[in-house]
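Colleague: Sequence first, predicted model second:
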Amino acid sequence: MACRISELVIDCADPERLAAFWSEVLGYVELGREEDGSIEIGPPGVGFGGPQPTLVLSPTSDPRTGKLPLHLDVNATDRDQDAELRRLLALGAEPADVGQTGSESWHVLADPEGNEFCLLRARIQPARVSSSRRPSG
């Protein structure tokens, strides 16, 4: 059996702000808070351990230096790429330049703290929660 990604942790200066932003982008809800100020968000009605990973926004005062070695890719589920781009920009995303040529089929954006992510062209189906589980063994 293999592992799967259950949560992604993003260090940030303002967990409240990023939790609100990413909740709107992904249709997630707040799942919990830790004493250290971390906020976990995830799919409504599913939470941790579901088919999609949750995000943990973890407070840090360490300054970010350089381009992130990892970024998120997102796809619209109910609109075309242009409409989704307008929505993400209205939520506070900003165009980011990471050296793209301009001929890419995706848009590079940054969240309110400058973390890069890409909006891909393809529209995908929303995640569905299956009530049946594959038997173990």
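Modeller: Okay, I see it.
Colleague: what sits against the closest residue to A110 other than its chain neighbours?
Modeller: Counting by Cβ to Cβ, 6 or more residues apart in numbering, A110 lies nearest to A96, which is 4.1 Å off, once chain neighbours are set aside. Backbone N, C-alpha and C define where each C-beta goes, glycine included. Taking Cβ atoms under 8 Å, 6 or more residues apart in numbering, we find A96 in contact with 108-110, 114, 116.
Colleague: Also I39?
Modeller: Applying Cβ under 8 Å, 6+ apart, one finds that I39 lies in contact with 15-16, 19, 30, 32-33, 56-57.
Colleague: The residue nearest to T54 when sequence neighbours are not counted - how many residues pack around it?
Modeller: For T54, ignoring the flanking residues on the chain, the nearest one in space by Cβ to Cβ, 6+ apart is G42 at 3.5 Å. Per other Cβ atoms under 10 Å, the neighbour tally for G42 reads 24.
Colleague: And the strands in this protein?
Modeller: Taking DSSP state E as the test, the strands found in the chain are 7-12, 29-33, 39-42, 54-59, 72-74, 94-95, 107-110, 116-119.
Colleague: one step back: now the contacts of I39: which count as buried?
Modeller: Buried members of these, scored by 16 or more other Cβ atoms under 10 Å, are 15, 19, 56-57.
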